[in-house]
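> sharing a model that was predicted from the sequence below.
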Amino acid sequence: MPRQHASGFALTQRQAAVILLAPFLTVYAVFLVYPFFKGIWISLHDWNLMAVAFNPDAKTYVGLRNYERVMWGRNITWGALASPGFQIIGLIGVLASAFLYRTGRAGKVTALAMGIATLLLFVLPGFHPGEGGRWYDRRFWPTVGNTILFVGLAVPGVTITAMLLAAALDGETRAKAVLRTLFFLSQVLSVTVVTLIWQIMFSPRQGLIANLTQLFGGSPIVWLTAEGFAMAAIVIATIWWSLGIAMILFLAGIQDISKDLYEAGALDNATGAKAFWYITLPNLKRTITVVVVLQIILHFQVFGQSHLMTSGGPNDTTQVLVRYIYQTAFRDSELGRASAMAVFLFVIMGGFSILQFVLGREKDE
Amino acid sequence: MNRSYYWLILGLSVPAFIWLVPTIWMVSLSFQPNDVLARTTSSTALGLIPIPFTPDNYIALFRFGQVPMWFLNSLIVSVGMTLAVLAVSTTAGYALARLDFPFKGPVIVLCLMGLMVPEQAVFIPLYTMFADWGWHNSHHALILPRVAVPIGVFLMMQFFKAIPKDIEEAARIDGVGWLQIFWYVMLPLARPAMMTLAILTFLYAWNDYLWPLVSAQQREYFTITLGLASIQSNFAQAEGLGRVMASGVIASLPVVALFLIFQRYVVRAMTAGGTKG
């Protein structure tokens, strides 16, 4: 050890590293790595919460049966237009990502990720029970569909609003700083405060929105229990809640755009909306991708809004994946099936996390 | 400033006000008497101005009910989690950024992979583990799972990596040990990063809902976020709308205060947590 020094107690670099890393690695191993593998282990068992709690041997190994029971059914066939809505969007998406890549409007990673995601959107909804067949679990895929619908509404809503606000609020003046603060404020509230506020906002009898409609002579909408409105209601509450981070990311992105571009644009009469369209938007492509991926990860995990505002209803139209996992595990005590769904969630989220990581790397280079 | 600037600010003040309306409404309702609210929530200016005014809801909140206890639980859990996360993240982050040791690359990759695992993918096994150990309904059960999330380690690692090497080397030549360098040289430099991480963790802990919902079944161990969820389903009948809204205001006070005082750090923390975690 060339670096050894005079005092006898001095630690080598290696010893110091072990001491400094030990606390985190211990906690990490016990409360994250081990539970992760235990989750996969549980998903391979018929595992009743109550039964196993009383008798640890009351579980049976069933291999991949839980995955089959959740995701598959009897006589499942595939059709190109079995679920036209999702599949057409998926197909358009695949073509669009190929087009964007060929014309050089999207980077390789972005185009590839978008292509895979939309391809899955085309392929997966194509599976459906054939004649005399049925899903083993009738609620799982509709729940996944609701989650995707929620993401599909909330993400563009947040992204577009946040981008426009950021473009308008970029600048060093005091008034703009105050306005930014006001728009960001709701972001720090907890999900239960957000649902508390919006439950009553949407209430047909006491709600502010109902009071407003009555003021103008309309009859109030039963937002949270009407099938067409419940999803819209939780999306509105979500946009209100989670606009802030997206806005801040866009502000950072806008500040990275060279001021020279705007000055050159001003000479060509490109100011205001024109400058936004021809200068800001093309230069924000990377930021848009980052914000969209981030929001997808965030909103795919939606739970509180659905659990507290609509209880997944009416008629399961706002039932989302995490809430279904929660119910299967802690209401129906079926830990095995719930864990299989949790692994499914992990695979999807893991894919987007890798994408997020790759995008982050691209930026650093 | 030209005229179009003032039009812009004026034009944006309207949506900003609309954005603020739900929050104003919550605060305003919390200051109105429950018997009035049972009849109408739009007494004055659609209910946005608290007339008739009463502080009774807040007085009742602190006299009866469990809100003060839940608030205290949230405070214990959030402060405890913040301190624990700071301790493990600064030490591990420093080791990963500045020290050489065998298998360093694989260890970093292993930690990085933890960022991919969402809370919802581990909450069931964590529930069974904590049940086996009899840990549920305690403060440490609410704290520990989040301490294992490697986001803090990465924020600190990135920070330590950016510090110039010569600071450390000067200390090494003077014969200072690694742990002393960490404690006396690096930690003082890391204060802004630690502040960001502390705020990120505190906000997360205060607002966390899913894990407390699963782990804390006894009302004495509810956090304020969880407690608020438990009273909002039957708000009109049991406690009165005004009192539930007052609970919502109390539940939001610490995070809103934190935001208004340390705005810069909060914004940085939430974007760092969002983009990396």
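Here it is on my side, so go on. Numbers count the residues shown, from 1 in each chain, chains lettered A, B, ... in the order given.
> what's near enough to touch the residue in the stretch 101-250 of chain A that chain B sits nearest to?
In the stretch 101-250 of chain A, the residue that lies nearest chain B is A:Ser190 (3.7 Å; Cβ to the nearest Cβ). Glycine gets a C-beta too; all of them are placed from N, C-alpha and C. Residues near A:Ser190 by Cβ atoms under 8 Å, 6 or more residues apart in numbering or on different chains: B:206-207, B:209, B:225, B:228, B:251-252, B:255.
> quickly list the domain ranges of chain A.
A:74-135, A:138-333 (automatic domain parsing).
> among these, which is the most enclosed?
domain A:138-333 (a mean of 19; mean count of other Cβ atoms under 10 Å in any protein chain shown).
> okay, and residue 193 sits in which element?
You didn't say which chain, so I picked chain A. helix A:191-202 (DSSP states H and E).
> chain B, not that one
Residue-wise, B:Ala193 maps onto helix B:191-207 under DSSP H and E.
> is the following helix or strand past that helix positioned near chain A?
Elements were assigned by DSSP H and E; along the chain past helix B:191-207, the next helix or strand is helix B:210-215. Yes - counting by Cβ under 8 Å from any Cβ of the partner chain, chain A has neighbours in helix B:210-215: B:210, B:213-214.
> what segments of the stretch 151-277 of chain B are helices?
B:151-161, B:165-173, B:178-180, B:187-189, B:191-207, B:210-215, B:224-232, B:241-261, B:263-276 (DSSP state H, counting those that start in this stretch).
> any idea which of these gets closest to A:Val290?
Of all those, helix B:263-276 sits nearest to A:Val290, with 6.8 Å by Cβ to Cβ.
> can you tell me what sits against the closest one?
A:181, A:184, A:187-188, A:244-245, A:248-249, A:252, A:290, A:294, A:298, A:356, A:360, B:115, B:151, B:154-155, B:192, B:195-197, B:199-200, B:203-204, B:258-259.
> tell me the centre residue of chain B?
In chain B, the C-alpha nearest the mean C-alpha coordinate belongs to B:Leu203, at 1.1 Å (Cα atoms, centre = their mean).
> which residue, neighbours along the chain excluded, lies closest to it?
B:Val255 (6.0 Å; Cβ to Cβ, 6 or more residues apart in numbering or on different chains).
> ok, that neighbour touching B:Ala205?
No - at 10.4 Å, B:Val255 does not count as touching B:Ala205 under the criterion of Cβ atoms under 8 Å.
> just the C-alphas of the strand ranked longest in chain A, formatted as PDB.
For chain A, the strand with the greatest residue count under DSSP state E is strand A:127-135. The C-alpha atoms that make up strand A:127-135 are tabulated as PDB, following Å, rounded to 0.1, in the frame of the first residue of the first chain:
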ATOM      1  CA  PHE A 127     -56.100 -10.600 -28.500                       C
ATOM      2  CA  HIS A 128     -59.700 -11.400 -27.600                       C
ATOM      3  CA  PRO A 129     -61.700 -14.500 -26.600                       C
ATOM      4  CA  GLY A 130     -62.900 -16.500 -29.600                       C
ATOM      5  CA  GLU A 131     -66.100 -18.500 -29.900                       C
ATOM      6  CA  GLY A 132     -67.100 -19.900 -26.600                       C
ATOM      7  CA  GLY A 133     -64.000 -18.500 -25.000                       C
ATOM      8  CA  ARG A 134     -63.500 -16.000 -22.200                       C
ATOM      9  CA  TRP A 135     -60.800 -14.300 -20.200                       C
END
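> list the contacts for B:Thr52?
One thing to correct before we go on: residue B:52 is Pro, not Thr. Contacts of B:Pro52 (Cβ under 8 Å, 6+ apart): B:32-33, B:36, B:43.
> top of the residues you listed by number of neighbours, please.
B:Gln32 (25 neighbours; other Cβ atoms under 10 Å in any protein chain shown).
> per-residue pLDDT, it?
Looking at B:Gln32, its pLDDT is 92.
> kindly report the same for A:Glu362.
Note on A:Glu362: pLDDT of 67.
> same question, B:Ile49
So B:Ile49 comes in at 85 (pLDDT).
> same check, this time on B:Arg3
82.
> where does the stretch 101-250 of chain A dip in pLDDT?
For the stretch 101-250 of chain A, no stretch is flagged by pLDDT under 70.
> returning to that earlier point: the residue nearest to the centre of chain B and B:Leu258 touch, don't they?
Yes - between B:Leu203 and B:Leu258 a contact is recorded at 7.2 Å, counting by Cβ under 8 Å.
> what is in contact with those two at once?
With Cβ under 8 Å, 6+ apart as the test, B:Leu203 and B:Leu258 both reach A:188, B:266.
> show me the strands in the stretch 51-200 of chain A, by range?
A:60-61, A:73-78, A:127-135 (DSSP state E, counting those that start in this stretch).
> tabulate those in JSON lines, adding columns for distance to chain B.
Shown next, in JSON lines, are these (distance: least, Cβ to the nearest Cβ, whole Å):
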{"stretch": "strand A:60-61", "distance to chain B": "16"}
{"stretch": "strand A:73-78", "distance to chain B": "24"}
{"stretch": "strand A:127-135", "distance to chain B": "23"}
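> my guess is B:Gln66 contacts B:Ile224. True?
No - counting by Cβ under 8 Å, B:Gln66 stays clear of B:Ile224, with 9.6 Å between them.
> now stretch A:244-251 - C-alpha only, CSV.
Presented in CSV, the C-alpha positions along stretch A:244-251 are these (Å, rounded to 0.1, in the frame of the first residue of the first chain):
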residue,chain,number,x,y,z
GLY,A,244,-45.7,22.3,-11.9
ILE,A,245,-42.8,19.9,-12.6
ALA,A,246,-43.5,19.8,-16.3
MET,A,247,-43.6,23.6,-16.4
ILE,A,248,-40.3,23.9,-14.6
LEU,A,249,-38.7,21.4,-17.0
PHE,A,250,-39.9,23.4,-19.9
LEU,A,251,-38.7,26.6,-18.4
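> and the contacts of that stretch?
A:158-159, A:162-163, A:165-167, A:169-170, A:180, A:183-188, A:284, A:287, A:290-291, A:294-295, B:267, B:270-271, B:274-275.
> stretch A:17-24 too?
A:11, B:87-89, B:91-92, B:94-96, B:99-101, B:104, B:107, B:150, B:153, B:179, B:182.
> buried ones in it?
For stretch A:17-24, burial by neighbour count (16 or more other Cβ atoms under 10 Å in any protein chain shown) applies to A:17, A:20-21, A:23-24.
> tell me which two of those residues sit farthest apart.
Farthest pair in the buried residues of stretch A:17-24, by Cβ to Cβ: A:Ala17 and A:Pro23, 12.5 Å.
> rewinding a little: if you look at the buried residues of stretch A:17-24, which of them are in helices?
If you go by DSSP state H, the buried residues of stretch A:17-24 have A:17, A:20-21, A:23-24 in helices.
> how about the closest residue to B:Leu210 other than its chain neighbours, what does it touch?
Once flanking residues are discounted, B:Leu210 sits nearest to A:Phe303: 5.8 Å by Cβ to Cβ, 6+ apart. Contacts for A:Phe303 were tallied using Cβ under 8 Å, 6+ apart; they are A:191, A:320, A:322-323, A:326, B:120, B:209-210.
> this completes my enquiry, with thanks.
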